[in-house]
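1. build me a structure from this.
(chains A and B)
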Amino acid sequence: GQQVMQIPQYQHVQEGEDFTTYCNSSTTLSNIQWYKQRPGGHPVFLIQLVKSGEVKKQKRLTFQFGEAKKNSSLHITATQTTDVGTYFCAGLNYGQNFVFGPGTRLSVLP
Amino acid sequence: KAGVTQTPRYLIKTRGQQVTLSCSPISGHRSVSWYQQTPGQGLQFLFEYFSETQRNKGNFPGRFSGRQFSNSRSEMNVSTLELGDSALYLCASRVDQNSPLHFGNGTRLTVT
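-> Residues are numbered from 1 along each chain as shown, chains lettered A, B, ... in the order given. Predicted coordinates for the structure are as follows:
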């Protein structure tokens, strides 16, 4: 079945440093979504990417969807303590159910 | 608009028992999905219901079942509980197949 991998599993950064998490699917995706889960909370939708090679920005966050629609990345510029949490990618396959990656847990040291 | 509501928030059960979890989606959302979240396995898809019909199913044993009512509310049932069923169970609703998932706060199930 379809698998979605994410690296790294954990990332510790100093406040102000940049952070990137990578997501790779074993199959071509219809679209990909990114979610953030704060400690003790539930996943919250961040963004959806649909087109091959698409790039979207939300303030300090930049999201990319690969040309082959099998990989994606999330980059945070100048991290802040409010960025702490686990970032999940979720690939929507053509069978129309989401497959979540294992997540990247981000810690930001003040 | 009210968000996705899950009840109860916490549940403690004994091995062999069964449990029913409830989820009320956002008004107007006809799709409800269930996920199991554990530290070791991440977010695992259980099943999705749309207009009272199961549309997709993950790789979980038959002890895990669900249903959806005409008002879109959904229930998930786990029978013959095992220790490994201890997890956070998340429900999510969405408008249609290409829309984002809106998660509830989850039900934390502990099996002793």
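2. just list whatever residues bridge to residue A:23.
-> Beta-bridge partners recorded for residue A:23 (DSSP bridges): residue A:6, residue A:72.
3. tell me the pLDDT of it.
-> On the pLDDT scale, residue A:23 is placed at 97.
4. next, count neighbours for it.
-> 29 (other C-beta atoms under 10 Å in any protein chain shown). All C-beta spots, glycine's among them, are computed from the backbone N, C-alpha and C.
5. contacting residues around it?
-> A:4-6, A:32, A:71-74, A:89, A:91, A:101 (C-beta atoms under 8 Å, 6 or more residues apart in numbering or on different chains).
6. for the lowest-mean-pLDDT helix or strand in chain A, give me every contacting residue.
-> Of all helical and strand segments in chain A, the minimum by mean pLDDT, DSSP states H and E falls on strand A:98-100, at a mean of 89. Residues outside strand A:98-100 that contact it (C-beta under 8 Å, 6+ apart): A:2-4, A:25, A:33, A:35, A:88-93, B:33, B:35, B:42-45, B:101.
7. and the spatially most central residue of chain B, how far from residue A:37?
-> The residue lying closest to the centre of chain B (C-alpha atoms, centre = their mean) is residue B:34, at 3.3 Å. Separation of residue B:34 from residue A:37 (C-beta to C-beta, to the nearest Å) stands at 16 Å.
8. hang on, residue B:12 packs against residue B:110?
-> Yes. Under the criterion of C-beta atoms under 8 Å, residue B:12 makes contact with residue B:110 at 4.8 Å.
9. the nearest residue to residue B:53 once chain neighbours are set aside: neighbouring residues, count only.
-> Spatial nearest neighbour of residue B:53, excluding adjacent residues (C-beta to C-beta, 6 or more residues apart in numbering or on different chains): residue B:68 at 7.6 Å. The number of residues packed around residue B:68, counting by other C-beta under 10 Å, is 23.
10. partners of residue B:68 in the sheet?
-> residue B:74.
11. residues of chain B that sit close to chain A?
-> Contacts of chain B with chain A, taken as C-beta under 8 Å from any C-beta of the partner chain, map to B:33, B:35, B:42-45, B:48, B:55-56, B:58-59, B:90, B:92, B:97-98, B:100-106.
12. which stretches of chain A form strands?
-> Secondary structure of chain A (DSSP state E): strands located at A:4-7, A:10-14, A:19-25, A:31-37, A:44-49, A:55-58, A:61-65, A:71-76, A:85-92, A:98-100, A:104-109.
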